[in-house]
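Undergrad: Sequence plus the predicted model coming up.
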Amino acid sequence: MRNISRSIVLAILIPGLNASAADATKELSWSSVHLEGAHLQLVSPKDKDRSSDLYFGKGGNLAITSCFKDTCTGPLTVWKIENNRLKTGYAPSEGDALIKVTGNKLTLRDAAGKIVVYEIKSRD
């Protein structure tokens, strides 16, 4: 559960925002990102026959749907922005930094330096 929470991060942009970072060492502020009601889908890194979707709910609830072929599971956990990091799950972590926003894609860097890309599928 902890690994899923750390590697699955989700965010959605305020309509009209189009910011970007020059490279993965820079960070953008989460203050311009609206998470409630967002649905993100993992683009990269992604294994064949697997998918991961994140649904940010009100009150800090986060539903994660992870599928392998025709079998899906969906834990419910929590999310928050703290010290300009997106933190997911119940275990304390350093959280994920927002490093690039282009069109309907978000690029994040986790505490270990791993780059993760999500597509914004919908927003409330």
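TA: Sure thing, it's come through. Numbering: from 1, shown residues only.
Undergrad: how about the strands in this protein?
TA: 39-44, 50-56, 61-68, 71-73, 76-82, 85-88, 97-102, 105-109, 115-122 (DSSP state E).
Undergrad: what's the closest of these to Ser31?
TA: For Ser31, the closest of the strands of the chain is strand 76-82, at 8.1 Å, according to C-beta to C-beta. The way it works is simple: take the backbone N, C-alpha and C, and place the C-beta from them, glycine included.
Undergrad: quick one, the closest one and strand 50-56 angle?
TA: Interaxial angle of strand 76-82 relative to strand 50-56 (axes from the mean of the first three to the mean of the last three C-alpha atoms, to 10 degrees): 60 degrees.
Undergrad: Okay, now the unreliable bits of this structure?
TA: 1-25, 124 (pLDDT under 70).
Undergrad: about what we covered before: save the strands of the chain as JSON lines, and put in mean neighbour count and distance to Leu28 too.
TA: Converted to JSON lines, these look like this (neighbours: other C-beta atoms under 10 Å; distance: least, C-beta to C-beta, whole Å):
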{"stretch": "strand 39-44", "mean neighbour count": "18", "distance to Leu28": "16"}
{"stretch": "strand 50-56", "mean neighbour count": "19", "distance to Leu28": "18"}
{"stretch": "strand 61-68", "mean neighbour count": "16", "distance to Leu28": "21"}
{"stretch": "strand 71-73", "mean neighbour count": "9", "distance to Leu28": "31"}
{"stretch": "strand 76-82", "mean neighbour count": "15", "distance to Leu28": "12"}
{"stretch": "strand 85-88", "mean neighbour count": "22", "distance to Leu28": "12"}
{"stretch": "strand 97-102", "mean neighbour count": "20", "distance to Leu28": "5"}
{"stretch": "strand 105-109", "mean neighbour count": "21", "distance to Leu28": "10"}
{"stretch": "strand 115-122", "mean neighbour count": "17", "distance to Leu28": "14"}
